[in-house]
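K.L.:
What follows is a predicted structure for the sequence shown.
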Amino acid sequence: MSVMIDVTNAQKTFTMHLQSGIELPVVRGVNFQVDAGECVVLSGPSGAGKSSILKMIFANYRCGGGRVDIRHQGTLIDIATAEPRQILNVRRSTIGYVSQFLRAVPRVATIDVVAEPLIANGVTRAEANDRAGRALHRLNIAERFWQLPPATFSGGEQQRVNIARGFISDLPILLLDEPTASLDAANRAVVVGLIAGTKRKGTAIVAIVHDDEVRRQIADRIIDVTGFTAAA
Ligand SMILES: Nc1ncnc2c1ncn2[C@@H]1O[C@H](COP(=O)(O)OP(=O)(O)OP(=O)(O)O)[C@@H](O)[C@H]1O
(Lines give C-alpha, C1' and ligand atoms only; values in the text may rest on other atoms or scores of the structure.)
Protein backbone atom coordinates (compact mmCIF):
# COMPACT_ATOMS: atom_id res chain seq x y z
CA MET A 1 0.00 0.00 0.00
CA SER A 2 1.35 3.45 -0.73
CA VAL A 3 1.32 6.04 2.02
CA MET A 4 -0.76 9.05 0.90
CA ILE A 5 -0.54 11.13 4.09
CA ASP A 6 2.37 10.99 6.52
CA VAL A 7 2.08 13.31 9.53
CA THR A 8 5.26 13.50 11.60
CA ASN A 9 5.51 15.27 14.93
CA ALA A 10 3.12 18.02 13.79
CA GLN A 11 2.00 20.63 16.27
CA LYS A 12 -0.32 23.61 16.38
CA THR A 13 -0.42 26.52 18.79
CA PHE A 14 -2.72 29.49 18.22
CA THR A 15 -1.42 32.92 19.12
CA MET A 16 -4.25 35.28 20.08
CA HIS A 17 -2.86 38.58 18.81
CA LEU A 18 -5.85 40.57 20.03
CA GLN A 19 -5.51 39.12 23.56
CA SER A 20 -1.97 40.24 24.40
CA GLY A 21 -0.50 37.43 22.29
CA ILE A 22 -1.82 34.63 24.55
CA GLU A 23 -0.60 31.23 23.31
CA LEU A 24 -3.14 28.43 23.02
CA PRO A 25 -1.43 25.08 22.44
CA VAL A 26 -3.87 22.69 20.74
CA VAL A 27 -2.01 19.59 19.52
CA ARG A 28 1.57 18.35 19.59
CA GLY A 29 3.40 15.17 18.57
CA VAL A 30 0.80 14.34 15.92
CA ASN A 31 2.04 11.19 14.20
CA PHE A 32 0.04 8.99 11.83
CA GLN A 33 -0.06 7.72 8.27
CA VAL A 34 -2.93 7.02 5.90
CA ASP A 35 -2.61 4.53 3.04
CA ALA A 36 -4.34 4.58 -0.32
CA GLY A 37 -7.80 3.05 0.01
CA GLU A 38 -7.88 3.47 3.78
CA CYS A 39 -10.34 5.49 5.89
CA VAL A 40 -9.00 6.81 9.17
CA VAL A 41 -11.49 8.41 11.56
CA LEU A 42 -10.26 10.97 14.10
CA SER A 43 -12.06 10.69 17.42
CA GLY A 44 -11.96 12.53 20.73
CA PRO A 45 -14.11 14.98 22.68
CA SER A 46 -15.12 18.43 21.47
CA GLY A 47 -12.13 20.76 21.47
CA ALA A 48 -9.56 17.94 21.38
CA GLY A 49 -8.17 19.19 18.06
CA LYS A 50 -9.76 16.97 15.37
CA SER A 51 -10.72 19.81 13.01
CA SER A 52 -7.39 21.53 13.61
CA ILE A 53 -5.55 18.38 12.45
CA LEU A 54 -7.75 18.15 9.34
CA LYS A 55 -7.06 21.82 8.56
CA MET A 56 -3.32 21.30 9.00
CA ILE A 57 -3.46 18.48 6.42
CA PHE A 58 -5.34 20.82 4.03
CA ALA A 59 -2.88 23.64 4.85
CA ASN A 60 -5.69 25.89 6.05
CA TYR A 61 -3.81 26.05 9.36
CA ARG A 62 -0.07 26.47 9.35
CA CYS A 63 1.78 23.87 11.44
CA GLY A 64 3.91 25.27 14.25
CA GLY A 65 6.36 22.40 13.72
CA GLY A 66 6.73 18.94 12.20
CA ARG A 67 5.84 17.69 8.72
CA VAL A 68 2.68 16.84 6.82
CA ASP A 69 3.75 14.89 3.74
CA ILE A 70 1.16 14.47 1.01
CA ARG A 71 1.64 12.18 -2.01
CA HIS A 72 1.04 14.50 -4.95
CA GLN A 73 1.53 13.10 -8.45
CA GLY A 74 3.79 10.35 -7.13
CA THR A 75 6.01 12.50 -4.93
CA LEU A 76 5.73 13.29 -1.22
CA ILE A 77 5.39 17.04 -0.61
CA ASP A 78 5.56 18.60 2.85
CA ILE A 79 2.39 20.71 2.78
CA ALA A 80 3.46 22.37 6.05
CA THR A 81 6.27 24.19 4.26
CA ALA A 82 4.95 24.24 0.67
CA GLU A 83 4.65 27.48 -1.31
CA PRO A 84 1.08 28.83 -1.79
CA ARG A 85 1.16 27.98 -5.51
CA GLN A 86 2.11 24.38 -4.72
CA ILE A 87 -0.66 24.16 -2.13
CA LEU A 88 -3.18 25.28 -4.77
CA ASN A 89 -1.89 22.61 -7.18
CA VAL A 90 -2.17 19.95 -4.50
CA ARG A 91 -5.74 21.06 -3.76
CA ARG A 92 -6.73 21.06 -7.42
CA SER A 93 -5.57 17.57 -8.25
CA THR A 94 -4.81 15.62 -5.06
CA ILE A 95 -6.65 16.61 -1.92
CA GLY A 96 -10.29 17.55 -1.34
CA TYR A 97 -11.89 18.91 1.81
CA VAL A 98 -15.59 18.50 2.52
CA SER A 99 -16.63 20.68 5.42
CA GLN A 100 -19.96 20.44 7.17
CA PHE A 101 -21.14 23.67 5.59
CA LEU A 102 -21.42 24.70 1.96
CA ARG A 103 -19.62 27.90 1.04
CA ALA A 104 -20.85 28.71 -2.43
CA VAL A 105 -20.51 31.84 -4.51
CA PRO A 106 -23.89 33.68 -4.36
CA ARG A 107 -26.28 33.31 -7.32
CA VAL A 108 -24.43 30.36 -8.87
CA ALA A 109 -26.76 27.49 -9.84
CA THR A 110 -26.45 24.28 -7.83
CA ILE A 111 -25.47 22.21 -10.88
CA ASP A 112 -22.60 24.65 -11.56
CA VAL A 113 -21.49 24.63 -7.91
CA VAL A 114 -21.14 20.84 -8.14
CA ALA A 115 -19.57 20.81 -11.63
CA GLU A 116 -17.02 23.55 -10.89
CA PRO A 117 -14.12 21.34 -9.62
CA LEU A 118 -14.34 19.30 -12.84
CA ILE A 119 -14.36 22.42 -15.04
CA ALA A 120 -11.29 23.67 -13.10
CA ASN A 121 -9.55 20.40 -14.04
CA GLY A 122 -10.31 20.81 -17.76
CA VAL A 123 -13.39 18.55 -18.09
CA THR A 124 -15.80 19.79 -20.78
CA ARG A 125 -18.92 21.65 -19.62
CA ALA A 126 -21.20 18.93 -21.06
CA GLU A 127 -19.44 16.06 -19.28
CA ALA A 128 -19.07 18.06 -16.04
CA ASN A 129 -22.80 18.86 -16.02
CA ASP A 130 -23.67 15.26 -16.77
CA ARG A 131 -21.55 13.99 -13.87
CA ALA A 132 -22.84 16.74 -11.56
CA GLY A 133 -26.42 15.77 -12.39
CA ARG A 134 -25.73 12.13 -11.60
CA ALA A 135 -24.08 13.09 -8.29
CA LEU A 136 -27.04 15.30 -7.31
CA HIS A 137 -29.48 12.59 -8.31
CA ARG A 138 -27.65 10.03 -6.16
CA LEU A 139 -27.81 12.44 -3.21
CA ASN A 140 -31.56 12.90 -3.69
CA ILE A 141 -31.48 16.55 -4.81
CA ALA A 142 -34.48 16.80 -7.15
CA GLU A 143 -33.84 18.11 -10.67
CA ARG A 144 -36.15 21.11 -10.15
CA PHE A 145 -33.54 22.49 -7.69
CA TRP A 146 -30.51 22.16 -9.98
CA GLN A 147 -30.79 25.58 -11.62
CA LEU A 148 -31.36 27.37 -8.28
CA PRO A 149 -28.51 28.67 -6.13
CA PRO A 150 -28.24 26.53 -2.96
CA ALA A 151 -28.32 29.55 -0.57
CA THR A 152 -31.97 29.00 0.39
CA PHE A 153 -31.76 25.19 0.64
CA SER A 154 -32.19 23.44 3.98
CA GLY A 155 -29.09 22.57 6.03
CA GLY A 156 -29.23 18.93 4.95
CA GLU A 157 -29.78 19.85 1.27
CA GLN A 158 -26.78 22.19 1.35
CA GLN A 159 -24.68 19.49 2.97
CA ARG A 160 -25.65 17.05 0.21
CA VAL A 161 -24.72 19.60 -2.48
CA ASN A 162 -21.38 20.02 -0.70
CA ILE A 163 -20.84 16.25 -0.64
CA ALA A 164 -21.72 15.94 -4.35
CA ARG A 165 -19.14 18.64 -5.10
CA GLY A 166 -16.52 17.11 -2.79
CA PHE A 167 -16.76 13.61 -4.22
CA ILE A 168 -17.13 14.48 -7.90
CA SER A 169 -13.44 14.78 -8.77
CA ASP A 170 -12.21 11.35 -7.63
CA LEU A 171 -9.22 12.94 -5.89
CA PRO A 172 -6.63 10.60 -4.29
CA ILE A 173 -7.12 12.14 -0.81
CA LEU A 174 -10.37 13.29 0.83
CA LEU A 175 -10.79 15.04 4.18
CA LEU A 176 -14.32 14.87 5.58
CA ASP A 177 -15.43 17.05 8.48
CA GLU A 178 -18.71 15.62 9.78
CA PRO A 179 -20.11 14.83 6.33
CA THR A 180 -23.32 13.28 7.70
CA ALA A 181 -24.07 15.73 10.54
CA SER A 182 -27.34 17.16 9.12
CA LEU A 183 -28.54 14.13 7.18
CA ASP A 184 -31.44 11.73 7.65
CA ALA A 185 -30.86 7.97 7.76
CA ALA A 186 -31.47 7.43 4.03
CA ASN A 187 -28.98 10.11 3.00
CA ARG A 188 -26.47 8.97 5.62
CA ALA A 189 -26.57 5.58 3.93
CA VAL A 190 -25.93 7.22 0.54
CA VAL A 191 -22.85 8.95 1.94
CA VAL A 192 -21.60 5.72 3.54
CA GLY A 193 -21.97 4.10 0.09
CA LEU A 194 -20.09 6.97 -1.58
CA ILE A 195 -17.24 6.64 0.92
CA ALA A 196 -17.05 2.87 0.38
CA GLY A 197 -16.92 3.32 -3.41
CA THR A 198 -14.26 6.03 -3.10
CA LYS A 199 -12.14 3.78 -0.89
CA ARG A 200 -12.38 0.97 -3.43
CA LYS A 201 -10.95 3.35 -6.05
CA GLY A 202 -7.92 3.86 -3.76
CA THR A 203 -8.71 7.21 -2.19
CA ALA A 204 -7.17 7.82 1.24
CA ILE A 205 -9.75 9.36 3.60
CA VAL A 206 -9.45 11.14 6.94
CA ALA A 207 -12.85 11.78 8.51
CA ILE A 208 -14.39 13.29 11.61
CA VAL A 209 -17.68 11.54 12.34
CA HIS A 210 -19.67 11.76 15.54
CA ASP A 211 -22.33 9.23 14.56
CA ASP A 212 -21.20 5.85 16.01
CA GLU A 213 -23.03 3.83 13.37
CA VAL A 214 -21.48 5.75 10.45
CA ARG A 215 -18.06 5.55 12.09
CA ARG A 216 -18.38 1.78 12.47
CA GLN A 217 -19.36 1.48 8.80
CA ILE A 218 -16.58 3.58 7.29
CA ALA A 219 -13.54 3.39 9.60
CA ASP A 220 -10.63 1.09 8.87
CA ARG A 221 -8.82 2.65 11.81
CA ILE A 222 -9.78 5.08 14.57
CA ILE A 223 -7.20 7.51 15.95
CA ASP A 224 -7.98 9.03 19.33
CA VAL A 225 -6.55 12.54 19.12
CA THR A 226 -6.54 13.03 22.91
CA GLY A 227 -3.09 11.41 22.69
CA PHE A 228 -1.99 14.52 20.77
CA THR A 229 -3.81 17.13 22.85
CA ALA A 230 -1.34 19.72 24.08
CA ALA A 231 -1.51 20.69 27.75
CA ALA A 232 -2.19 24.40 28.13
N1 LIG B 1 -8.68 29.64 14.47
C2 LIG B 1 -8.55 29.38 15.78
N3 LIG B 1 -8.13 30.35 16.64
C4 LIG B 1 -7.99 30.08 17.95
N5 LIG B 1 -8.27 28.90 18.52
C6 LIG B 1 -8.69 27.91 17.71
C7 LIG B 1 -8.86 28.09 16.31
N8 LIG B 1 -9.30 26.92 15.76
C9 LIG B 1 -9.39 26.06 16.79
N10 LIG B 1 -9.03 26.65 17.96
C11 LIG B 1 -9.01 26.02 19.28
O12 LIG B 1 -8.38 24.77 19.19
C13 LIG B 1 -9.03 23.81 20.03
C14 LIG B 1 -9.37 22.60 19.18
O15 LIG B 1 -10.41 22.97 18.27
P16 LIG B 1 -10.88 21.96 17.13
O17 LIG B 1 -11.96 22.64 16.36
O18 LIG B 1 -9.70 21.45 16.39
O19 LIG B 1 -11.49 20.78 18.04
P20 LIG B 1 -12.42 19.57 17.62
O21 LIG B 1 -11.85 18.35 18.30
O22 LIG B 1 -12.55 19.48 16.14
O23 LIG B 1 -13.79 19.97 18.30
P24 LIG B 1 -15.34 19.74 17.84
O25 LIG B 1 -15.58 18.25 17.95
O26 LIG B 1 -16.11 20.51 18.86
O27 LIG B 1 -15.48 20.27 16.45
C28 LIG B 1 -10.22 24.51 20.64
O29 LIG B 1 -9.90 24.87 21.95
C30 LIG B 1 -10.42 25.73 19.77
O31 LIG B 1 -10.91 26.80 20.52
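P.N.:
Now that the structure is in, tell me what you want to look at. Residues are numbered from 1 along each chain as shown.

K.L.:
So residue 76: helix, strand or coil?
P.N.:
strand (DSSP: H, G, I helix; E, B strand; the rest coil).

K.L.:
is it in a bridge, and if so with what?
P.N.:
residue 71 (DSSP bridges).

K.L.:
measure it to residue 29 for me?
P.N.:
Distance, residue 76 to residue 29, using CB to CB, to the nearest Å: 20 Å. Every C-beta, even on glycine, is put in place using the N, C-alpha and C of the backbone.

K.L.:
what does the protein put close to the ligand?
P.N.:
14, 24, 26, 44, 46-52 (CB under 6 Å from any ligand atom).

K.L.:
Please spell out the ChimeraX selection for the buried subset of those residues.
P.N.:
Those of the residues of the chain next to the ligand that count as buried under 16 or more other CB atoms under 10 Å are selected in ChimeraX with:
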select :26,44,48,49,50,51,52
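
K.L.:
if we take the residues of the chain next to the ligand, which one ends up nearest to residue 164?
P.N.:
residue 51 (21.9 Å; CB to CB).

K.L.:
pretty sure that closest one is in contact with residue 207, am I right?
P.N.:
No: the criterion here is CB atoms under 8 Å, and residue 51 misses it with residue 207 at 11.5 Å.

K.L.:
and for the two, which residues touch both?
P.N.:
Shared contacts of residue 51 and residue 207, defined by CB atoms under 8 Å, 6 or more residues apart in numbering, comprise residue 177.

K.L.:
so who does the nearest residue in space to residue 188 that is not next to it in sequence touch?
P.N.:
Nearest-residue entry for residue 188: residue 180, 4.6 Å, with adjacent residues in sequence omitted and distances by CB to CB, 6 or more residues apart in numbering. Neighbour list for residue 180: 187-188, 191-192, 209, 211, 214 [criterion: CB under 8 Å, 6+ apart].
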